[in-house]
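K.L.:
have a look; sequence and predicted model below, questions after that.
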Amino acid sequence: MMNKLQTVLLITGCLLAVNAVSQETTVDEPDSAIYLNEVVVNAYQVNTRLHQVPGSISLLSGDEILMGDGNNFSQTLHAMPGIYMHSGTYATSRIVIRGVGSRTPYNTNRIKSYLNDIPITSSDGISTPEDIDLTGIGRMEVIKGPASALYGSGLGGSLNLFTPESNRNSLNALLQQGSFHTMKAAAAGNYQKKNLRLWGSLSHLQSDGFRENNRYRRTSMLSSGTWQQPGFSLDYTLLLMDLNALIPSSIGKTLYDTNPKAAATNWKAVEGYKKYQRAIAGVTLANRLSEQWNNRLTLFGRWADSYERRPFNNLDDGNSGGGIRNKLSFHASQWDALLGIEWMNDTYRWQMDLDHALINKNRETRNHFNLFGMAYWRPSPRWNLSLGGAVNRVNYKLTDQFSGNGNQSGQRDFPAIFSPRLGVNYAPSHR
């Protein structure tokens, strides 16, 4: 009995000693608060602290983007929750946000993409942001969920890309070598003098790929600049790209189990591929009208020429067009409001042939118009309420230029669609 009592007393004494040391440590080393750097986003058209945004948004900085290999866009997107990118090859990808877009077999739709506020989504709703080299992206903001009141029709969300910004002169070079004869060479530089800033990058990526008929070549140039003046600023963005990629296509389970490197037999037989050249350019004039009013006007143009060789037929297509995007914003201590328009016009030409015999030839003229507005009210530092809406209208005209299968020409005007939006954000702490 005495042994048990001694054991209990010994354990109790040890616990009291540990508690005394813990209390002494707490007194000598008081708790401290670590405040992280403030993160400001503008995906919702106004500069807002990330934790006060009335919606679901993910952000990646330039340093976080460069933590990957710099070649695989999917690896970068997978760092954000709710976003998944299927990537069969460098040239065949599909982005899915919260399940939206998973029904599309070979590309990304229902997601709007922008580069420095310039729409890079095609007029038929296809987005290929993965074509932009990651060394040319300084920040990435993704809205998850419908954002029609801000960016037009985009059920899945919006992907906003921004080129790097720096206030010092710099020059960087990159050379990578990997398996399957993968090689990347890139160079980027920034020039800053007084109120002028110029940035540009040039990159080349090539790979023979893991599978047969899988060779990939891409050369791109991306440049942006800003000219600052007391009452306004003038920005430009220019993207040029040349891509040539063989297509291995999909194979069945039996062939995959025996030879996963194999390409689909029919695609390998014709050495199927797709190649295209692409150009996007835009100029933005930002005016400070007063202490509370600002206006941002963007003019942009787009051009693409593409050819795809396929086992069943060949597709030769291209498009050219442009548009305007204007945003008038108001800022006060408790209020933010904006009103904007976006108009795009594209001419899409496409023809198909089989064994050099023309089987189809068409021209489509497409018009997109979007009028949007949003108001934010902050009754206290912890609350942010938003109310907005947008009116979208689309029409197109088809001109059949091939008489072999009858005249399929026609015009379609879709009714205007109103998309409302209501958002509420409560932040337990204003820090």
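P.N.:
Sure, I can see it.

K.L.:
which neighbouring elements make contact with whichever helix or strand residue 96 is part of?
P.N.:
Here residue 96, judged by DSSP states H and E, is contained in strand 92-97. In terms of contacts (3 or more Cβ pairs under 8 Å, 6 or more residues apart in numbering; DSSP states H and E), strand 92-97 is packed against helix 73-77, strand 83-89. Every residue, glycine included, has its C-beta placed from N, CA and C.

K.L.:
and the longest one, which strands flank it?
P.N.:
Pairing partners of strand 83-89, with direction, according to DSSP bridges: strand 92-97 (antiparallel).

K.L.:
these two touch, right, residue 325 and residue 298?
P.N.:
Yes - in terms of Cβ atoms under 8 Å, residue 325 counts as a neighbour of residue 298; the distance is 4.4 Å.

K.L.:
what about the strands in the stretch 1-150 of the chain?
P.N.:
Taking DSSP state E, counting those that start in this stretch as the criterion, the stretch 1-150 of the chain contains strands spanning 40-41, 48-49, 57-61, 83-89, 92-97, 111-115, 118-119, 139-144.

K.L.:
identify the contacts common to residue 325 and residue 298.
P.N.:
With contacts defined as Cβ atoms under 8 Å, 6 or more residues apart in numbering, the residues adjacent to both residue 325 and residue 298 are 117-118.

K.L.:
hang on, residue 254 in a helix?
P.N.:
Yes - secondary structure of residue 254, determined by DSSP: H, G, I helix; E, B strand; the rest coil: located in a helix.

K.L.:
please tell me how far it sits from residue 395.
P.N.:
For residue 254, the distance to residue 395 (Cβ to Cβ, to the nearest Å) stands at 48 Å.

K.L.:
neighbour-wise, which of those two wins?
P.N.:
Neighbour totals were compared for residue 254 and residue 395, and residue 395 leads with 13 against 8 (other Cβ atoms under 10 Å).

K.L.:
which residues touch the more buried one?
P.N.:
Taking Cβ under 8 Å, 6+ apart, we find residue 395 in contact with 366-367, 411-414.

K.L.:
how far off centre is the longest strand belonging to the chain?
P.N.:
Once the chain is assigned using DSSP state E, the strand that runs over the most residues is strand 357-380. When distances are taken as Cα atoms, centre = their mean, to the nearest Å, strand 357-380 is centred 17 Å away from the chain's centroid.

K.L.:
partners of it, with directions?
P.N.:
The partner list of strand 357-380 in its sheet, established with DSSP bridges, is strand 335-354 (antiparallel), strand 383-400 (antiparallel).

K.L.:
which other residues reach stretch 199-210?
P.N.:
Contacts of stretch 199-210 with the rest of the structure, by Cβ under 8 Å, 6+ apart, involve 71, 89-90, 133, 135-136, 163-166, 178, 180-191, 214-225, 246, 248, 261.

K.L.:
could you rerun that using 7 Å?
P.N.:
Applying Cβ atoms under 7 Å, 6 or more residues apart in numbering, the contact partners of stretch 199-210 are 71, 89-90, 133, 135-136, 163-164, 180-190, 214-225, 261.

K.L.:
show me what contacts residue 162?
P.N.:
So residue 162 contacts 116, 138-139 (Cβ under 7 Å, 6+ apart).

K.L.:
spatially nearest residue to it, not counting backbone neighbours?
P.N.:
What sits nearest to residue 162 in space, not counting adjacent residues and going by Cβ to Cβ, 6 or more residues apart in numbering, is residue 139, at 4.3 Å.
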